[in-house]
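Enquirer: The following block contains a protein sequence and its predicted model.
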Amino acid sequence: MAIPYIQPTMAFVRAVDGTYISYPFIEDGDATSKVYNMVCTQQATDYSASQVALDATMSSAAAAGVLVLPFTADSDAYFVGDTGHAPIGGGMISFTRTFANIPQSTTVASGSAFVTFPGLRGTFAALSPTAISSLSMTAGTKGVTLTTSTAHNVAVNNNINVSMLYTVGADPFLHSTVGAFRVLAAPTTTTLTIDTGHYWDSQVTLNLDEGSIAQVLTLRDELVRNVSTQTRYDYILPGVTPGISSSLDINLPPAFAVSNISSSTFTSGFLSAGTIPSDTQYQTMIEDDAQIVIESALAEWAGNILVMKTKTCKAR
């Protein structure tokens, strides 16, 4: 009877068919961050979970713990773990050994959220509404242009209150637009453009039913708005990312909040000269389309690589 023979090399880790490189963030605009997936086999009795230390780089076959490296060595790829262990017969097991680059930071659209924006305490003057006489749109240009019956007296980046009803082409559906909007353009004393959140792929006719505008000065109550958000993903590997030796060194961006610096003029929920930011500073933030933080969080991404998620929206 023949004595079973096992090649000594079976004790070592081999990368076999099925090995591949993935680009998990290509749809988010990051076409360079790679994840190396090595399908490996080894004699089961020789496998050790500590063969390769987390965060070891894929700088060579020896560093990656394999006989032959199936990829070009990448010293910026870090070991994030072995997964999918399964017996394959003959005393052998298979598993996937994964190395990953620290992904680039990306910012993606993340839906919408209801956000409370601060009230403003400033000057006030009674304003008479100005009637809208017609409205139109231009294909390929953002926003809707309002024509007023008299001079509107507003400028680019001013905030205005709008109330109007209109139909599109021959469709009888009556659209209602009511709320505060920023002026995108004011080409004449009787025309101005705002973004109502209604968009078209081609030229259409807008039929005004009725409408009026009034300029918003630096006084308003708190606003609750359903707004579009975006989320920034920043990836951190403690011990590798400069200045971060452990997860405890990571400070999450705080959510936007108002700070009172003058109790004599402070009213909860409102901005004024006695707050940070002040009402004038916040008005500039609105005009500059500044992003404010809604929430942030820290989570594991792969191995010891962490991801910090920061959700923001435009100041309103």
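Expert: Done, it's in. No experiment lies behind these values; they were computed from the predicted model shown. Residues are numbered from 1 along each chain as shown.
Enquirer: how about the helices of the stretch 1-150 of the chain, start to end?
Expert: 61-64 (DSSP state H, counting those that start in this stretch).
Enquirer: I misspoke; the intended subject was the stretch 201-316 of the chain.
Expert: 279-287.
Enquirer: how close does T107 sit to G29?
Expert: Distance from T107 to G29, counting by Cβ to Cβ, to the nearest Å: 9 Å. Heads up, the C-betas are built off the backbone N, CA and C, glycines and all.
Enquirer: Apologies, that question was intended for S278.
Expert: 36 Å.
Enquirer: More neighbours: which of those two?
Expert: Between S278 and G29, counted using other Cβ atoms under 10 Å, the more crowded position is S278 (18 against 10).
Enquirer: For the more buried one, give its distance to A180.
Expert: 20 Å.
Enquirer: my read: L120 touches G269, true?
Expert: No - between L120 and G269 there is no contact under Cβ atoms under 8 Å: 10.4 Å.
Enquirer: In the stretch 151-300 of the chain, where is pLDDT below threshold?
Expert: For the stretch 151-300 of the chain, the stretches with pLDDT under 70 are 216-219, 263-267.
Enquirer: so where do the strands sit in it?
Expert: Remark: strands assigned in the stretch 151-300 of the chain by DSSP state E, counting those that start in this stretch are 159-168, 175-188, 191-194, 206-216, 223-236, 259-260, 270-271, 275-276, 291-302.
Enquirer: Make TSV out of those and add mean neighbour count and distance to S133.
Expert: Listed next are these as TSV, based on neighbours: other Cβ atoms under 10 Å; distance: least, Cβ to Cβ, whole Å:
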stretch	mean neighbour count	distance to S133
strand 159-168	18	11
strand 175-188	15	13
strand 191-194	22	10
strand 206-216	17	7
strand 223-236	16	28
strand 259-260	12	45
strand 270-271	22	35
strand 275-276	16	40
strand 291-302	16	36
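Enquirer: Among L120 and G269, which residue is more densely surrounded?
Expert: The residue with more neighbours, out of L120 and G269, is L120; 24 against 13, by other Cβ under 10 Å.
Enquirer: Quick check: bridge partners of the more buried one?
Expert: Going by DSSP bridges, L120 is paired in beta bridges with R220, L271.
Enquirer: Without its sequence neighbours, what residue ends up closest to the residue nearest the centre of the chain?
Expert: Central residue of the chain (Cα atoms, centre = their mean): T231, 1.8 Å from the mean position. Using Cβ to Cβ, 6 or more residues apart in numbering and skipping the chain neighbours, the partner closest in space to T231 is S110 (4.0 Å).
Enquirer: And for T312?
Expert: Q291 (4.0 Å).
Enquirer: Show me what the one you found is bridged to.
Expert: Where Q291 sits in a bridge, its partners, by DSSP bridges, are K314.
Enquirer: Mind naming the longest strand for this structure?
Expert: The longest strand of the chain (DSSP state E) is strand 74-89.
Enquirer: How far off centre is that strand?
Expert: 30 Å (Cα atoms, centre = their mean, to the nearest Å).
Enquirer: do the same with stretch 246-257
Expert: Worked out by Cα atoms, centre = their mean, stretch 246-257 lies 17 Å from the chain centre.
Enquirer: So what would you say the end-to-end distance of that stretch is?
Expert: 28 Å (Cα to Cα, to the nearest Å).
Enquirer: Touching it from outside, list them.
Expert: For stretch 246-257, the surrounding residues in contact (Cβ atoms under 8 Å, 6 or more residues apart in numbering) are 236, 238-239, 243-244, 292-298, 306, 308, 310.
Enquirer: Spit out the contact partners of I132.
Expert: L146, T147, T148, S149, M164, L208, E210, G211, S212, I213.
Enquirer: Kindly present these as TSV, with separate columns for distance to S50.
Expert: Shown next, in TSV, are the contacts of I132 (distance: Cβ to Cβ, whole Å):
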residue	distance to S50
L146	69
T147	74
T148	74
S149	79
M164	68
L208	73
E210	74
G211	71
S212	73
I213	69
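Enquirer: Go ahead and confirm G29 touches T106.
Expert: Yes - here G29 reaches T106: they are 6.1 Å apart, a contact under Cβ under 8 Å.
Enquirer: Find the nearest non-adjacent residue to A297, please.
Expert: Counting by Cβ to Cβ, 6+ apart, A297 lies nearest to K309, which is 5.0 Å off, once chain neighbours are set aside.
Enquirer: what's the neighbour count on the closest residue to Y47 other than its chain neighbours?
Expert: Residue nearest to Y47 in three dimensions, not counting chain neighbours: I93, with 6.0 Å by Cβ to Cβ, 6+ apart. I93 has 18 neighbours, counted by other Cβ under 10 Å.
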